[in-house]
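*Asks:* Give the three-dimensional model of this entry:
(3 chains)
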Amino acid sequence: MFKAIVSADTLKTTLDSVSVLVDECKIHLEEDGLEIRAVDPANVGMVDLSLSADAFESYEADGGLIGVNLSRLEDIAGMADAGQLVSLELDEETRKLHIQIDGLEYTLTLIDPDSIRQEPDIPDLDLAAEVVVEGKDINRAVKAADMVSDHIALGVDGSNEQFYVDAEGDADDVHLELGRDDLIDLSAADAHSLFSLDYLKDMDKAIPKDAEVTMELGEEFPVKMHFDIAEGMGHVTFMLAPRIQSN
Amino acid sequence: MFKAIVSADTLKTTLDSVSVLVDECKIHLEEDGLEIRAVDPANVGMVDLSLSADAFESYEADGGLIGVNLSRLEDIAGMADAGQLVSLELDEETRKLHIQIDGLEYTLTLIDPDSIRQEPDIPDLDLAAEVVVEGKDINRAVKAADMVSDHIALGVDGSNEQFYVDAEGDADDVHLELGRDDLIDLSAADAHSLFSLDYLKDMDKAIPKDAEVTMELGEEFPVKMHFDIAEGMGHVTFMLAPRIQSN
Amino acid sequence: MFKAIVSADTLKTTLDSVSVLVDECKIHLEEDGLEIRAVDPANVGMVDLSLSADAFESYEADGGLIGVNLSRLEDIAGMADAGQLVSLELDEETRKLHIQIDGLEYTLTLIDPDSIRQEPDIPDLDLAAEVVVEGKDINRAVKAADMVSDHIALGVDGSNEQFYVDAEGDADDVHLELGRDDLIDLSAADAHSLFSLDYLKDMDKAIPKDAEVTMELGEEFPVKMHFDIAEGMGHVTFMLAPRIQSN
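*Replies:* Numbering: from 1, shown residues only, chains lettered A, B, ... in the order given. The predicted model follows:
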């Protein structure tokens, strides 16, 4: 049993956070909200998303599991105007999701969850450095790095208390340094890892420009990025595996 | 003899209503205004347009007939800013149309009307159901249907006094219902016909979002859609032939 | 030695004026400002640009010469917001240009100036007619001519005191006339020359719509177009060679 009403904005933000990594996903319809975990086909990028029942206008669920095509669900949500509400109701028998937006009814055929790639276990890493930045700073770093290279190093200089981004191209280089004053928060410790820019660009698309993003970094370790959605009633964690240093 | 001055906006709206169906058309230069009738090459969609002399700043004509390339004329009208006036003058001898926009003169070579597909007779149908909706509701129905199918059913449920739209895809379905309260007006009677979505999408492009559109519907009959342009001084009728039910 | 700070807007306008003609250029770092001269590969269009030291927030140079890839430098300048400042510093030893925008550092590898096409000598022509028009009028003429032809005639009718533009297509023609009242200034004398529209379209892209553009015209001679950039602290001259009359 699943029946809920949610603002189109919240629905879109939720779906966008997952669709940057995968085309289809499983959604756990828990009593206290939605849970989504997914990993991209190459096992490089993971997402762990929760959206509390409080983020909905109304919410009833009892622990079911559905499989959805994300781009189709995004297209439907895109039919709603910014402030409009979207009603969702699961028909257990037909395994279809009925979606209503102001008189418009869309019947979405669900996907068998068993046919969707297995959900990842997001590892519990002990990463020494933690940086809190605005989403727009990540966006700026990713755009600049993309001009010269297809990978990007993220690091923290523990002694100078600086978060830095490095991208080295064949001819040109990009370097961005944000000190304690430019950051929302910093737990300084030496950290440095190289990442595929393609993945970081995809994740960046889902990070609101005004979000406070907590980045956890280590030495040649994955990066974890956390941020709130739905005015704090939802939470997203991205994890990206490092690349082997190319030199 | 033909000599007229018209606002760029009115000229663009007029041309757009016809160019969604055909590339070239005949324009009747009647004493009391312009008349255009056209049918698409497959004989599925028709347009009947009249633009009164009152819609012009000045208008003089004596019953001539010209053939024009619509996209060329639209490009020229596109050179004018929203509020600007466009002067049109026919040179009978050279069969060219002289178009002036604030110092810019464009000389358009006309097409021999005999080389343009014959104008249709718009049949006088007695369609039982009549619905008056806002242009934006047609736009919404067409966009939603387009997500799942390439045809669309339009119908009226006489007993429930509802106008409805149905689109059935291989996996997903779309259904829109508008009751008496959602409609500007309704003459209820059972009606249901299936149409090609491609044509309806093209016609939708020419329907202003804020227009009041009168739709006449029957059982397995064409749909007629009427709306005003040029602040009521012009009128457009689209007619679209039904498709054979695909099931 | 070269070290300067300039607004992103001024930098972008400067680069755009040159990049419409060439991909790479030499920049003279004179004591009193920048100088750029370039000619397109076909020797048809030339640009001569100067940007005074006064156009910079700060400026220090002693006569060096650098070679740059314009689209790369434009991409970097594009990382800055409208009001932001861009710092430029030349590393003489590595022949790299260090560019800083609010914490972001970009290291641009310069090009050996000797590998860049030789700078043109802009000929000192005695052109009889001079017209001063707004940039938006050039834009309008170029767009209209582009609908019918791939070349464009620019001329002045000395006796009628009119600047005119003509474009003749296979079927349609465009003609634009601007009299003394439509022009900012006019030194009337008969002039008429035909130009490639492709080049004029490229130059038009670099001409601000609100610029006062001085055009010098002759009989079958190149056209020179001058306009200010950077609030009068920079100046651009375009010169375009005429085409042989095609009839």
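*Asks:* switch to C-alpha atoms for all contacts and neighbour counts from now on
*Replies:* Noted.
*Asks:* so what's the backbone phi/psi at A:G103?
*Replies:* Per-residue torsions, A:G103: phi 90, psi -20 (degrees, to the nearest 10).
*Asks:* doesn't B:V174 make contact with it?
*Replies:* No - the criterion here is C-alpha atoms under 8 Å, and A:G103 misses it with B:V174 at 10.7 Å.
*Asks:* Compare those two and say which one has the larger neighbour count.
*Replies:* Set side by side, A:G103 and B:V174 show more neighbours around B:V174, with 25 against 13, by other C-alpha atoms under 10 Å in any protein chain shown.
*Asks:* Quick check: the gap between that one and chain A.
*Replies:* Computed as C-alpha to the nearest C-alpha, to the nearest Å, the B:V174 to chain A distance reads 5 Å.
*Asks:* So what are the structural domains in chain A, by residue number?
*Replies:* Annotated domains of chain A cover A:2-115, A:129-240 [automatic domain parsing].
*Asks:* So which bits of chain A are right by chain C?
*Replies:* A:140-141, A:143-144, A:147, A:171-178 (C-alpha under 8 Å from any C-alpha of the partner chain).
*Asks:* Okay, and which of those map to strands?
*Replies:* Among the residues of chain A next to chain C, the ones falling in strands (DSSP state E) are A:173-178.
*Asks:* ok so, going back, kindly write the PyMOL command that selects the buried subset of the residues of chain A next to chain C.
*Replies:* Of these, the buried ones can be selected in PyMOL as follows, counting by 16 or more other C-alpha atoms under 10 Å in any protein chain shown:
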select buried, chain A and resi 140+141+143+144+147+172+173+174+175+176+177+178
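*Asks:* Return the member of the residues of chain A next to chain C nearest to chain B.
*Replies:* Proximity of those to chain B (C-alpha to the nearest C-alpha) peaks at A:K143, which lies at 32.5 Å.
*Asks:* quick one: contacts for the closest one?
*Replies:* A:K143 is in contact with C:M79, counting by C-alpha atoms under 8 Å, 6 or more residues apart in numbering or on different chains.
*Asks:* How about A:T107?
*Replies:* A:96-99, B:172-174.
*Asks:* Please list the residues of chain A that sit near chain B.
*Replies:* Going by C-alpha under 8 Å from any C-alpha, the residues of chain A near chain B are A:75-76, A:79, A:103-109.
*Asks:* Mind picking the two most distant members of these?
*Replies:* Maximum pairwise distance among those (C-alpha to C-alpha): 19.4 Å, between A:G103 and A:T109.
*Asks:* ok, back up a step: turn the ones in strands among the residues of chain A next to chain C into a markdown table, columns for pLDDT.
*Replies:* Compiled in a markdown table, those are given as follows (pLDDT from 0 to 100):
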| residue | pLDDT |
| --- | --- |
| A:D173 | 97 |
| A:V174 | 97 |
| A:H175 | 97 |
| A:L176 | 96 |
| A:E177 | 95 |
| A:L178 | 95 |
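*Asks:* Pick out whichever of those sits closest to B:V18.
*Replies:* A:V174 (53.2 Å).
*Asks:* For that closest one, give the beta-bridge partners.
*Replies:* Note on A:V174: beta-bridge partners by DSSP bridges are A:A167, C:Y106.
*Asks:* can you tell me which residues contact it?
*Replies:* By C-alpha under 8 Å, 6+ apart, the contact list for A:V174 reads A:144-145, A:148, A:165-168, C:104-107.
*Asks:* try 7 Å this time
*Replies:* Going by C-alpha atoms under 7 Å, 6 or more residues apart in numbering or on different chains, A:V174 touches A:144-145, A:166-168, C:105-107.
*Asks:* Flag the shaky bits of chain A, pLDDT-wise.
*Replies:* Across chain A, the ranges flagged by pLDDT under 70 are A:245-247.
*Asks:* my read: A:S58 touches A:F2, true?
*Replies:* No - with contacts counted by C-alpha atoms under 7 Å, A:S58 stays clear of A:F2, the gap being 10.8 Å.
*Asks:* Just want to know which of these two has more residues nearby.
*Replies:* A:F2 (19 against 12).
*Asks:* For the closest residue in space to the more buried one that isn't next to it in sequence, give its distance to A:A206.
*Replies:* Nearest in space to A:F2, with sequence neighbours left out and distances taken as C-alpha to C-alpha, 6 or more residues apart in numbering or on different chains, is A:A61 at 4.4 Å. Going from A:A61 to A:A206 by C-alpha to C-alpha, to the nearest Å gives 26 Å.
*Asks:* if we can go back for a sec, right, so of the domains of chain A, which gets closest to B:L197?
*Replies:* For these, the distance to B:L197 is smallest for domain A:2-115, at 17.1 Å, taking C-alpha to C-alpha.
*Asks:* So what would you say the end-to-end distance of that closest one is?
*Replies:* 21 Å.
*Asks:* for it, the distance to its chain's centre please.
*Replies:* 14 Å (C-alpha atoms, centre = their mean, to the nearest Å).
*Asks:* ditto for stretch A:133-143
*Replies:* Stretch A:133-143 has its C-alpha centroid displaced from the chain centroid by 15 Å (C-alpha atoms, centre = their mean).
*Asks:* Export it to PDB, keeping only CA atoms.
*Replies:* Extracted as PDB, the C-alpha positions of stretch A:133-143 are listed here (Å, rounded to 0.1, in the frame of the first residue of the first chain):
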ATOM      1  CA  VAL A 133      31.200  24.300   0.700                       C
ATOM      2  CA  GLU A 134      28.300  25.900  -1.200                       C
ATOM      3  CA  GLY A 135      27.000  23.900  -4.200                       C
ATOM      4  CA  LYS A 136      28.000  26.800  -6.500                       C
ATOM      5  CA  ASP A 137      31.700  26.400  -5.600                       C
ATOM      6  CA  ILE A 138      31.600  22.800  -6.600                       C
ATOM      7  CA  ASN A 139      29.900  23.800  -9.900                       C
ATOM      8  CA  ARG A 140      32.600  26.400 -10.500                       C
ATOM      9  CA  ALA A 141      35.400  24.000  -9.900                       C
ATOM     10  CA  VAL A 142      33.900  21.300 -12.100                       C
ATOM     11  CA  LYS A 143      33.300  23.700 -15.000                       C
END
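*Asks:* Please report the distance of the residue at the greatest distance from the centre of chain A from C:E89.
*Replies:* In chain A, counting by C-alpha atoms, centre = their mean, A:A171 sits farthest out from the average C-alpha position, at 32.3 Å. Look at A:A171 and C:E89: by C-alpha to C-alpha, they are 17 Å apart.
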